[in-house]
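Q: The following block contains a protein sequence and its predicted model.
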Amino acid sequence: MRKTSLRAAALCASLIIPAIAWANEPMSTRASNIDAADMKSNIAPALPVPPVGMDAGAHDYLVAAREALRHRRTGEAQQALEMAETRLLTRVTTPEAAATPDDESDVRSIAGARHALGAGDTGQAIQIVDGMISR
């Protein structure tokens, strides 16, 4: 019973401490700092967290990005796109394939969606994300 209590306390601390630190960072609900054209500050603000679980995969984040884009929640969409890209770039693989992204075309597509978002073209971003989800 004591080990369970210690694990629960450690889990709570691991969730609360980053949330407290994150709350002190500059925050924004709008996409920004995607590229030099939309950079307003050298410090990128914290963005809203997409409503998917910690173990979500790239597809889950793409679906979250699409939903956020449809509702003009651009900061959440940017965060979801960045997390989808991260999921594609970080994966379990053989040592020989470690330096190669899972699917370079998917990584390029996500970058294209982020750049469209940075340019204020949410329609183009949605179109790119929809194309990725439908595959």
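A: Here it is on my side, so go on.
Q: What are the boundaries of the helices in the chain?
A: With helices called from DSSP state H, the chain shows them at 2-23, 58-70, 74-89, 104-118, 122-133.
Q: Now tabulate the ones you listed in TSV and tack on distance to residue 95.
A: From N, CA and C alone the C-beta is placed, and that goes for glycine too. TSV is the format used below for these (distance: least, CB to CB, whole Å):
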stretch	distance to residue 95
helix 2-23	30
helix 58-70	22
helix 74-89	16
helix 104-118	19
helix 122-133	28
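Q: so can I have CSV of those showing distance to residue 52 and mean neighbour count?
A: Shown next, in CSV, are those (distance: least, CB to CB, whole Å; neighbours: other CB atoms under 10 Å):
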stretch, distance to residue 52, mean neighbour count
helix 2-23, 16, 9
helix 58-70, 5, 21
helix 74-89, 8, 23
helix 104-118, 15, 19
helix 122-133, 14, 18
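Q: Out of those, name the one with the poorest average pLDDT.
A: Mean pLDDT per stretch puts helix 2-23 lowest among those, at a mean of 47.
Q: Next one: residue 73 relative to residue 105, how far apart?
A: Distance of residue 73 to residue 105, given as CB to CB, to the nearest Å: 26 Å.
Q: so how far is residue 54 from the spatially closest residue to residue 70 that is not a sequence neighbour?
A: Nearest non-adjacent residue to residue 70, counting by CB to CB, 6 or more residues apart in numbering: residue 126, 6.8 Å away. Distance of residue 126 to residue 54, given as CB to CB: 26 Å.
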